[in-house]
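Peer 1: Turn this into a model:
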Amino acid sequence: MSSNNTTTLVSILNGTNYRQWAVAIKAFIMSTSIWAYVEERVERESLPNKKEELVKLSDAWKEEIRIAQNAWDKDNGMVIRQIMLRLLPMVQQNHTTMIRSY
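Peer 2: Take a look at the predicted model:
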């Protein structure tokens, strides 16, 4: 689903319409099958932190993990973009620092 659909289905969050906006953005994101990212039910795969464990993994397995990480990053980024597109610019600015930390 494209962001153009978001603009017609979800109003801009302006600070006074949160309840209406929250219901609409949730419904929209649920319709795109990525709501699990909002609820943090999809974990990002990671390589082992310990060097001893990392060297035990084959290059093919490491590549599979990287592919899974890229897919997670893409879907999680989609959620963030959909939300950010429906925020008043002033609200976007207040949350840009938080979003960059992901």
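Peer 1: For the rest of this, base every contact and every neighbour count on C-alpha atoms.
Peer 2: Fine.
Peer 1: How about I25, nearest residue that isn't a chain neighbour?
Peer 2: The shortest distance from I25 to any residue that is not its chain neighbour, by Cα to Cα, 6 or more residues apart in numbering, is 6.0 Å, and that residue is V10.
Peer 1: and W35, what pLDDT?
Peer 2: At W35, the predicted lDDT confidence score is 93.
Peer 1: is it true that it touches I25?
Peer 2: No. The criterion here is Cα atoms under 8 Å, and W35 misses it with I25 at 10.1 Å.
Peer 1: Could I get the buried residue list for the helix or strand hosting D75?
Peer 2: Counting by DSSP states H and E, the element that carries D75 is helix 59-85. Within helix 59-85, the residues that qualify as buried by neighbour count (16 or more other Cα atoms under 10 Å) are 62, 65, 69, 72, 75-76, 78-79, 82-85.
Peer 1: For T8, grab the count of nearby residues.
Peer 2: Neighbouring residues of T8 were enumerated by other Cα atoms under 10 Å; the total is 8.
Peer 1: so where does it fall, helix or strand?
Peer 2: Secondary structure assigned from DSSP H and E places T8 in helix 3-9.
Peer 1: just how off-centre is the next helix or strand after that helix within its chain?
Peer 2: From helix 3-9 onward toward the C-terminus, using DSSP H and E, the following helix or strand is helix 18-31. Averaging C-alpha coordinates over helix 18-31 and over its chain gives two centres that are 15 Å apart (Cα atoms, centre = their mean, to the nearest Å).
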